[in-house]
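Visitor: Please work out how this folds:
(chains A and B)
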Protein chains: 2
Amino acid sequence: MESLLAADLGGTNFRVAVINADGEIRMRRSRPVPLSKHREEVVAAIVDLASECLSEFKPYGRPKAFGLAVPAVVDAVQGAIVSAPNLPELDGYRVSDKVGERLGVDVFLENDATAACIGENWKGVSQGYANVIHVTIGTGVGGGIIIGNEPMRGADGTAGEIGHICVEPDGVKCGCGSNGCVEQYASARAIVRMAKESGDFSDMQTISSKRIYERGQGGDESAQQIFGAAGRYLGIALGGLVNTLNPDAIVLGGGVANGWDLFYPSLHRELEYRAFQRPFERVKLLRSALGDDAGLFGAARVAANGLRAPTAG
Amino acid sequence: MESLLAADLGGTNFRVAVINADGEIRMRRSRPVPLSKHREEVVAAIVDLASECLSEFKPYGRPKAFGLAVPAVVDAVQGAIVSAPNLPELDGYRVSDKVGERLGVDVFLENDATAACIGENWKGVSQGYANVIHVTIGTGVGGGIIIGNEPMRGADGTAGEIGHICVEPDGVKCGCGSNGCVEQYASARAIVRMAKESGDFSDMQTISSKRIYERGQGGDESAQQIFGAAGRYLGIALGGLVNTLNPDAIVLGGGVANGWDLFYPSLHRELEYRAFQRPFERVKLLRSALGDDAGLFGAARVAANGLRAPTAG
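Guide: Prediction:
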């Protein structure tokens, strides 16, 4: 059976897998992202880990292509990174060519949030839905969108920045330069900020969204209110998207999605209040089934589709 | 040359035109929408006006198909109206069949805001752009979206309700059941509300957005502030959409778009502040070129495409 090499280049970890055409992970490896983040070292790290997988997998065959999910705006046709806020050294770099030459395999780039959306749509919880919004709620809030069974990239490949929908016009300053973005109200970092502002968690040595969640699960009302606020703000942002895009499903992934039981009730209530009845009744609110692997599955799918798509440029 | 019959069923007026394949209007007629709004009378009005056009146009040929833009959620495949908030009698009605049988021509339905978006993309200001958001700012705020050169309808055909993006979570109550929708801050009705609240227009017998605009043009600061606020709120809603969809262009039409010079500066400033740099630099903010005719052109285009599309259902 055809197999594919897939990689997901995260902020701290870099993961590679061999996945077959049926969506089974045959092998996986992970390694920390080089601290220097020089472009040559990042490419060398990708090539090393991929080579390791290729040579160990050799008895079973050779992967047909390599899909690479990166935290960046990508030019999929040119195989180049357009802009990588967390890996600025890679801006403008033709990663596909560099990696492909050294591995002797075709490399297809994809934005990591879009890859996660594609992965869930292929082998995860949104299978069979033609119009999907994928929200990754971690340190920040990221997103990917599928419309009519096709990943939506927009004019420059920057589409999907759901985290930067304004939900409080005079709200908290955001790293993007704007303020009141939903990322400032629903991310792990936002949950920690709200917890600090409440003054109710000063007994904790380190305040993390996970530990706030655990307190909430244990019955702590302040923690429950914080997750409730996060859910409400997600509902404001997603309500606008449901009215605008009329999706079949919204998939929520990322670390904060583990707090599902604490934020889902207010998210659902807010969405029902904000969205029109018909698209509200249509849309399924789903929790990611693949978790951290969604991007790897998406990268494998991108590699498989890339092989079949006509070569452009 | 192939000609097409096109109609746009508005809230008060109903307009029919014969438009040829090059986008020239060869004939046009309009008539008030029947006050009763009974489904048979609405269909009779459509058939009457269309027949009038067909018989007058007879010496020049027979239009190949009929495109009908309606203020409703439509099921384009079934040719049925799913839900028409302002013409509830038409809910669930197979208008295409009813009109088609009596005229002896294939009828293709389209939502009016989507039709306006298609019309501007065919013969108006957004020609050549693959990803377009069309905003109609009239009594309310409506919208249509084109993604990858295709009208985006969503799972149920309800997509494009841009007017019901929340821009003030604790803001003004909206007719949709939610509150703080951009329609409550940027529509003609919202401009009148803000003018009344300011107390600065009590000398006017009837306060209309047009008359407030005229005052603003004459230097009245209160009027200028009201249009400035409308532009700012439009910028908040559109900033989120620019981050999410990365469109090539946003087209603004409808009566309030005539106040362009008074709201454009604050809209542009807010969009620059809210949106990421790359998609902000990409997106063109354009004023509708076809005005009230955008929907007619879109309906003609839908008719032409419908003839060429494989028949479904």
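Visitor: okay, which residue is most central for chain A?
Guide: Nearest to the mean C-alpha position of chain A, counting by CA atoms, centre = their mean, stands residue A:113 at 3.2 Å.
Visitor: In what element of secondary structure is it found?
Guide: helix A:112-123 (DSSP states H and E).
Visitor: After that helix, heading C-terminal, what element do we hit next?
Guide: Taking DSSP H and E, what comes next after helix A:112-123 is strand A:132-137.
Visitor: Would you mind identifying the next helix or strand past that next one?
Guide: strand A:141-147.
Visitor: Sheet-wise, list the partners of the helix or strand following that next one with their directions.
Guide: Next in sequence after strand A:141-147, counting helices and strands by DSSP H and E, comes strand A:150-151. Paired neighbours of strand A:150-151 in the sheet (DSSP bridges): strand A:141-147 (antiparallel).
Visitor: What are the contacting residues of the partner strand?
Guide: Under the contact criterion CB atoms under 8 Å, 6 or more residues apart in numbering or on different chains, strand A:141-147 has outside partners A:111-118, A:121, A:126, A:129-136, A:151-152, A:159-163, A:182-183, A:186-187, A:245, A:254, B:147, B:152, B:244. Any C-beta I mention is one placed from the backbone N, CA and C, and that applies to glycine too.
Visitor: Likewise for stretch A:220-228?
Guide: For stretch A:220-228, using CB under 8 Å, 6+ apart, the contacting residues are A:191, A:194-195, A:198, A:200-201, A:212-213, A:215-216, A:259, A:262-263, A:265-266.
Visitor: same question, stretch A:11-28
Guide: The contact list for stretch A:11-28 (CB under 8 Å, 6+ apart) reads A:1-8, A:29-33, A:45-46, A:49-50, A:52-53, A:56-57, A:60, A:63, A:71, A:86, A:122-123, A:139, A:292-293, A:296-297, A:300, A:304.
Visitor: Stretch A:189-208 too?
Guide: A:139-140, A:172, A:183-185, A:188, A:209, A:211-212, A:215, A:220, A:222-223, A:225-227, A:229-230, A:256.
Visitor: can you give me the helices for chain A?
Guide: Ranges of helices within chain A are A:39-57, A:95-103, A:112-123, A:183-186, A:188-198, A:209-217, A:221-245, A:260-274, A:277-282, A:294-308, based on DSSP state H.
Visitor: any idea how far the last one is from the chain center?
Guide: Remark: helix A:294-308 is offset 14 Å from the chain centroid, using CA atoms, centre = their mean, to the nearest Å.
Visitor: Now do that helix and helix A:95-103, the angle between them.
Guide: Helix A:294-308 runs at 80 degrees relative to helix A:95-103, counting by axes from the mean of the first three to the mean of the last three CA atoms, to 10 degrees.
Visitor: Next: the fifth one.
Guide: Relative orientation of helix A:188-198 versus helix A:95-103 (the same axes, to 10 degrees): 120 degrees.
Visitor: which parts of helix A:188-198 are buried?
Guide: Residues of helix A:188-198 classed as buried under the neighbour-count rule (16 or more other CB atoms under 10 Å in any protein chain shown) are A:188-195.
Visitor: gap between that helix and the chain center?
Guide: So, by CA atoms, centre = their mean, the centroid of helix A:188-198 is 22 Å from its chain's centroid.
Visitor: Next: the longest one.
Guide: Distance, stretch centre to chain centre, for helix A:221-245: 18 Å (CA atoms, centre = their mean).
Visitor: what's the angle from that helix to strand A:141-147?
Guide: Using the same axes, to 10 degrees, helix A:221-245 lies at 30 degrees relative to strand A:141-147.
Visitor: Helix A:221-245 versus helix A:209-217: what angle between them?
Guide: Using the same axes, to 10 degrees: helix A:221-245 against helix A:209-217 is 110 degrees.
Visitor: Using a markdown table, lay out the helices of chain A together with distance to residue B:236.
Guide: Below are the helices of chain A laid out as a markdown table (distance: least, CB to CB, whole Å):
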| stretch | distance to residue B:236 |
| --- | --- |
| helix A:39-57 | 37 |
| helix A:95-103 | 35 |
| helix A:112-123 | 23 |
| helix A:183-186 | 15 |
| helix A:188-198 | 19 |
| helix A:209-217 | 27 |
| helix A:221-245 | 10 |
| helix A:260-274 | 15 |
| helix A:277-282 | 21 |
| helix A:294-308 | 31 |
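Visitor: JSON lines for those, including mean pLDDT?
Guide: Shown next, in JSON lines, are these (pLDDT from 0 to 100):
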{"stretch": "helix A:39-57", "mean pLDDT": "92"}
{"stretch": "helix A:95-103", "mean pLDDT": "94"}
{"stretch": "helix A:112-123", "mean pLDDT": "96"}
{"stretch": "helix A:183-186", "mean pLDDT": "97"}
{"stretch": "helix A:188-198", "mean pLDDT": "97"}
{"stretch": "helix A:209-217", "mean pLDDT": "97"}
{"stretch": "helix A:221-245", "mean pLDDT": "98"}
{"stretch": "helix A:260-274", "mean pLDDT": "98"}
{"stretch": "helix A:277-282", "mean pLDDT": "95"}
{"stretch": "helix A:294-308", "mean pLDDT": "91"}
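Visitor: Any regions of the stretch 51-200 of chain A where pLDDT drops low?
Guide: Flagging of the stretch 51-200 of chain A using pLDDT under 70 yields an empty set of residue ranges.
Visitor: residues in it within reach of chain B, list them.
Guide: For the stretch 51-200 of chain A, the residues in contact with chain B (CB under 8 Å from any CB of the partner chain) are A:73, A:82-83, A:130-131, A:143, A:145, A:147-148, A:150, A:152-162, A:164-169, A:176-178.
Visitor: Make a PyMOL selection of the buried ones in those residues.
Guide: The following PyMOL line selects those of these that are buried, judged by 16+ other CB under 10 Å:
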select buried, chain A and resi 73+82+83+130+131+143+145+147+152+153+154+155+156+157+158+159+160+161+162+164+165+166+167+168+169+176+178
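Visitor: my guess is residue A:177 meets residue B:273, correct?
Guide: Yes. Judged on CB atoms under 8 Å, residue A:177 makes contact with residue B:273 at a distance of 7.2 Å.
Visitor: avg pLDDT for stretch A:3-16?
Guide: Stretch A:3-16 carries an average pLDDT of 91.
Visitor: Surely residue A:34 and residue A:42 touch.
Guide: Yes. Using CB under 8 Å, residue A:34 is in contact with residue A:42, at 6.0 Å.
Visitor: more neighbours, the two?
Guide: Set side by side, residue A:34 and residue A:42 show more neighbours around residue A:42, with 25 against 15, by other CB atoms under 10 Å in any protein chain shown.
Visitor: which residue packs closest to whichever residue of the stretch 51-200 of chain A sits closest to chain B, ignoring adjacent ones?
Guide: Across the stretch 51-200 of chain A, the shortest distance to chain B (CB to the nearest CB) belongs to residue A:154, at 2.4 Å. Nearest residue to residue A:154, sequence neighbours excluded (CB to CB, 6 or more residues apart in numbering or on different chains): residue B:246, at 2.4 Å.
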